[in-house]
Each structure stands twice: as structure tokens, then as C-alpha cells.
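Participant: Got a predicted structure here, sequence first:
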Amino acid sequence: MLDSIYKAAEKAAPEEMCGLIIERNGKEEFIECKNFAENKLNEFKIDPKTFVKYQLISKIKYVVHSHYDQKCSPSDQDKKSCRAIGIPYMIVSYPEKEVCIYGES
């Protein structure tokens, strides 16, 4: 699954890529989402309708996004947003290909 996530990050670079890792019928799947943020270089925004759709038909395990040419450490905004929705964030750095999980207990 990480290969798919890194390919999406590469395709979006230098902008942030975003998506979801969902669990449906016992299988995990990466769903790439369109980034609706105004400043796609430093922010991401998943369409609320897309988010709710996947909440209704599956379990959202992670909100995924990329940081281009920087560490995968969560920003203050990442931390705030993650706490607000209560779903862990998976942040990948590209092209470094590092992974950080934030908000998992």
C-alpha cells in the first residue's frame, strides 16, 4: 500500500497529496482524494462529502497526506486537525519516503 501512497505523492509533488486508508470487508485500501485546499503547497483538504461517504461505507483507519521535500513530522495544524476528527494521520515525506503516524493510541 505504501507504494501506491508514494506514487500519489510523486504525482502531486510539489503539492500535498491526500487520501484515506479505509478498512472494508476485512481489507485495507488506500483511496486517493483530490486536494481542495487553496494553498496545496502547504495544506490539504479532503472534500467533506467524500470523507462522509467513506465513513458510512467503511472504517477510516488513517487520513493520509504528504509533505514535499520536508520531514514527515506533523505540523501544528496537522496535530490540531487530527485531534478534532479523532482519526490518526499518516504523513509521508516525498521524495525522502519516510512515514509518520500521529494520533494513534
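Facilitator: Great, that's in hand. Note that the structure is a prediction, hence the values are computed from the model and not measured. Residues are numbered from 1 along each chain as shown.
Participant: in the chain, which segments are predicted with low confidence?
Facilitator: Filtered on pLDDT under 70, the chain yields the residue ranges 105.
Participant: Let me see the ranges of the strands in it.
Facilitator: Remark: strands assigned in the chain by DSSP state E are 18-24, 27-33, 59-68, 89-94, 99-102.
Participant: Including mean neighbour count and distance to Leu2, could the ones you listed go into TSV?
Facilitator: Using the backbone N, CA and C atoms, a C-beta is placed for each residue, glycine as well. Conversion of the strands of the chain to TSV gives the following (neighbours: other Cβ atoms under 10 Å; distance: least, Cβ to Cβ, whole Å):
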stretch	mean neighbour count	distance to Leu2
strand 18-24	19	10
strand 27-33	16	9
strand 59-68	21	10
strand 89-94	22	8
strand 99-102	15	7
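Participant: okay, these in a markdown table with distance to Asn39 next?
Facilitator: Compiled in a markdown table, these are given as follows (distance: least, Cβ to Cβ, whole Å):
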| stretch | distance to Asn39 |
| --- | --- |
| strand 18-24 | 13 |
| strand 27-33 | 17 |
| strand 59-68 | 13 |
| strand 89-94 | 17 |
| strand 99-102 | 21 |
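Participant: So which of these is nearest Lys49?
Facilitator: Across the strands of the chain, Lys49 has its closest neighbour in strand 27-33 (10.7 Å, Cβ to Cβ).
Participant: From the contact counts, what lies against that closest one?
Facilitator: The contact analysis (3 or more Cβ pairs under 8 Å, 6 or more residues apart in numbering; DSSP states H and E) places strand 27-33 against helix 2-12, strand 18-24.
Participant: can you redo the ones you listed as TSV with distance to Ser75?
Facilitator: What follows is these, written out as TSV (distance: least, Cβ to Cβ, whole Å):
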stretch	distance to Ser75
helix 2-12	16
strand 18-24	14
